[in-house]
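Engineer: give me a model of this one.
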Amino acid sequence: MRRRPHRSPVRSPRSPGPRRTRASLSPRHRFRIVVPLLLLAFVASVLLIEGYTTRGFAGDQEGRGGRPSTGVPRVIAGGGPVVDTTDDHLRTYRTPAKTVVLTFDDGPDPTWTPRILAVLDHHGTPGTFFVTGQQTVRHPGVLRRVIGSGHEIGVHTFSHPDLTTQSASAVDRELALTQLALAGAGGINTSLMRMPYSSTTSALDTRAWAVTRRLGERGYVLAFIDQDTHDWRRPGARAIADAAMPDEPAGGAVILLHDAGGDRSQTVEALESLIPRLKAQGYRFTTLADLVGTDSFTSPVSTAELWQGRIFVAAVTVSGTAVSAVSMLLLVVGSLVLARCVLLLCLARHHARRYRRRHTGAHRPVTRPVSVVVPAYDEELCIPKTLRSLAASDHPVEIIVVDDGSRDGTADLAESLALENVTVIRQPNGGKPSALNNGVLRASHDLVVMLDADTVFAPSTVGRLVQPFADPRVGAVAGNAKVGNRRHLLGRWQHIEYVMGFNLDRRMYDLLHCLPTIPGAVGAFRVEALRDAGMMSADTLAEDTDITMALHRAGWEIRYVPDALAWTEAPVSLRQLWRQRYRWSYGTMQAAWKHRHALVERGPAGRFGRIGLPLLAVFQIFTPLLAPLIDLLALYGLVFGNPLTTVLAWTGVLAVQAVCAAYAFHLDGEPLRPLWALPLQQVVYRQVMYLVLVQACLTAINGYRLPWQRLKRSGDVMLPPQPSTRGT
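Structural biologist: Residues are numbered from 1 along each chain as shown. Modelled structure (predicted):
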């Protein structure tokens, strides 16, 4: 139902019509479009930055080493550990006698680098730190501490790949990002580099030599090693110290150690004994710049480079914080989803048992006639099926059709059917709440059933729906709405949603005495209760949710009858589905806000306010808003994490959903065949529901009053064979 659209004044035939132009979006519409796009761009950027800058790498122990040199000039393969191929030079530098260079790879690390610095500074010993860009942007303060202590800085690439397997552009990107990280974190650049997975110059092969030449062309001096301590194996501090000793008693050495990539406590302990031991034997400690004969490999960056680097480091910091927050939210959402599934299954089973005990062998105490109100606006396609299904009811009914200013002959068609006990009331278009209230005022009986004009009842629906009114505390009853046009994929998806989501939820809410919505497609009311609650209101776009909450606050009980079946027409296109769910979501938020004072009220109103409203907010607003994190982090895991683990985790989530769906179908006596569409529903349909909820939230934030949007009817609702309801 919607209000009659405003008609523009008719122009004179003689007056030329205005040129058609595309209407510009209003600020409110732009807000609802631009904000989601910005949020999506922000989240995508955060995940990409965090994924690339923090994805793990294998330590040097996993790389190449010990292979014979082939295709490498003899002067390089048999030369010293420092290789300079810049400016077409082929030059190496050996470590002088009784000279040691301590080098540390894979840092900076917030735990181990400061401890290693403390040992070096205590003994007045310089060190050379080959840092990765990933670690630098994550721990810029540690790098500044290394620089501030006067130690040497070299490049160890950004993400620690084997450069022999990378394209030239990938190598350039690794170097550029690392220099950007150094500029932002320490305000420097460096021309000193050690390739990941490298060892001695004698281990160079053709591919590694080609990379060495390319790096030299880009101005880098390459550092290799003389002594590998294998500290990554954690053989013990004494073994590490012994492995660091030069092979020749009077020789020099470039020694490889690590300050990141794992537990480096043995490395720290080894340094505490190694440095005094070497000093006692007359060794001096120096840097690689001293070996080459230059003051320093580092240089300060320009102001522009400094700010580019700072922006890069800040972006990584924000990304890291955001992803940590997202991960925490995902943990919360995952826990809530799992808790909800367990709660739904347990309470639904308990509800089915209780309802079966109450229903088995019970006679029908409510046999008096019932008034059925059918509001209609341009329902020419649907109204005949609806009225004929009501006329076939096995319970005595008075049928009142309230035509709300239809333009398609709905009222005339309803009258032409000449069905017994059908009254057609015509009124100017005033909206669905107005039509319902008018029908209630014209009703002859104290019990009123309401349904939409596109809904078909089973013959037993009315009789079953009104049985809870035997209890004078009951003011309203919700029935079991099902999708009546489920032949196509979109209809099957909605069928799964109705059975799995809506009706499992209603069983839970029924047990907790806080049902938030009596569906407009199938609901019954005590007229006295409607009057206590103020009748149907046009304050929100979800008049069914609004009146349900008002009934709770008026002190009335509300029940759910799972075997009072109705088949309603679901949207047949994504556009119509979007419109319907947009209105539902927005209207639900309006109703919850309207009745927020129930949180502090007493009695039944307070029970609903402190149980029903929080459940509604958590499971219908908060959790669905955050649920896309599951899919986003699944994509993140496929790209940057372990694809197998990610697929298994996502499959586990799907399995939980499938268990809930299968049990819900069992309770409703529905065949399980439609559940083949469940995986695709989780991939496509669920994303649409996310976007709808986001749009509805932005509409609420923006303060925009969403107009009523009527769906285009197809009239193809069919009355399926009545389910066995063996699980009810």
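
Engineer: center of this structure, which residue is that?
Structural biologist: Centroid-nearest residue in the chain: residue 629, 1.6 Å away (criterion: C-alpha atoms, centre = their mean).

Engineer: check which helix or strand that one maps to.
Structural biologist: Assigned by DSSP states H and E, residue 629 belongs to helix 628-640.

Engineer: elements contacting that helix?
Structural biologist: Helices and strands touching helix 628-640, by 3 or more C-beta pairs under 8 Å, 6 or more residues apart in numbering; DSSP states H and E, are helix 27-54, helix 303-359, helix 643-667, helix 686-702. Every residue, glycine included, has its C-beta placed from N, CA and C.

Engineer: list the buried residues for that helix?
Structural biologist: 628-634, 636-637, 640 (16 or more other C-beta atoms under 10 Å).

Engineer: quick one, it and helix 643-667 angle?
Structural biologist: 150 degrees (axes from the mean of the first three to the mean of the last three C-alpha atoms, to 10 degrees).

Engineer: for the protein, give me the ranges with low pLDDT.
Structural biologist: Low-confidence segments of the chain, defined by pLDDT under 70: 1-33, 36, 52-70, 358-364, 702-728.

Engineer: A strand includes residue 524, no?
Structural biologist: Yes: Residue 524: assigned to a strand according to DSSP: H, G, I helix; E, B strand; the rest coil.

Engineer: returning to that earlier point: any residues touching the helix holding residue 629, and which ones?
Structural biologist: 43, 47, 51-52, 55, 326-327, 329-330, 333-334, 643, 645-647, 649-650, 653, 686-687, 690 (C-beta atoms under 8 Å, 6 or more residues apart in numbering).

Engineer: give me the longest strand you can find in the protein.
Structural biologist: strand 557-568 (DSSP state E).

Engineer: can you pull out the helices in the stretch 501-650 of the chain?
Structural biologist: Assigned by DSSP state H, counting those that start in this stretch, the stretch 501-650 of the chain shows helices spanning 503-512, 527-532, 543-553, 574-594, 603-607, 613-617, 623-626, 628-640, 643-667.

Engineer: and residue 289, which of those is closest to it?
Structural biologist: helix 628-640 (36.1 Å; C-beta to C-beta).

Engineer: show me how far the closest one is from its chain's centre.
Structural biologist: In terms of C-alpha atoms, centre = their mean, to the nearest Å, the centre of helix 628-640 is found 8 Å from the chain centre.

Engineer: then stretch 604-616?
Structural biologist: For stretch 604-616, the distance to the chain centre is 27 Å (C-alpha atoms, centre = their mean).

Engineer: same check on stretch 519-530?
Structural biologist: 37 Å.

Engineer: do stretch 505-512 as well
Structural biologist: Using C-alpha atoms, centre = their mean, the offset of stretch 505-512 from its chain centre is 27 Å.

Engineer: give me every residue that touches residue 182.
Structural biologist: Neighbouring residues of residue 182 by C-beta under 8 Å, 6+ apart: 131, 133, 136, 143, 153, 155, 188-190, 309.

Engineer: and if we set it to 6 Å?
Structural biologist: residue 188 (C-beta atoms under 6 Å, 6 or more residues apart in numbering).

Engineer: and it, which of the three is it?
Structural biologist: Applying three-state DSSP: residue 182 is helix.

Engineer: do you know how far it is from residue 688?
Structural biologist: As defined by C-beta to C-beta, to the nearest Å, residue 182 lies at a distance of 45 Å from residue 688.

Engineer: try residue 183
Structural biologist: Taken as C-beta to C-beta, the span from residue 183 to residue 688 is 44 Å.

Engineer: who has more neighbours out of those two?
Structural biologist: residue 183 (24 against 15; other C-beta atoms under 10 Å).

Engineer: look up phi and psi at the residue of the chain most remote from its centre.
Structural biologist: Distance from the centre of the chain peaks at residue 250, with 62.2 Å (C-alpha atoms, centre = their mean). When read as degrees, to the nearest 10, the backbone of residue 250 gives phi -110, psi 10.

Engineer: next one: residue 482
Structural biologist: According to degrees, to the nearest 10, residue 482 has phi -130, psi 160.
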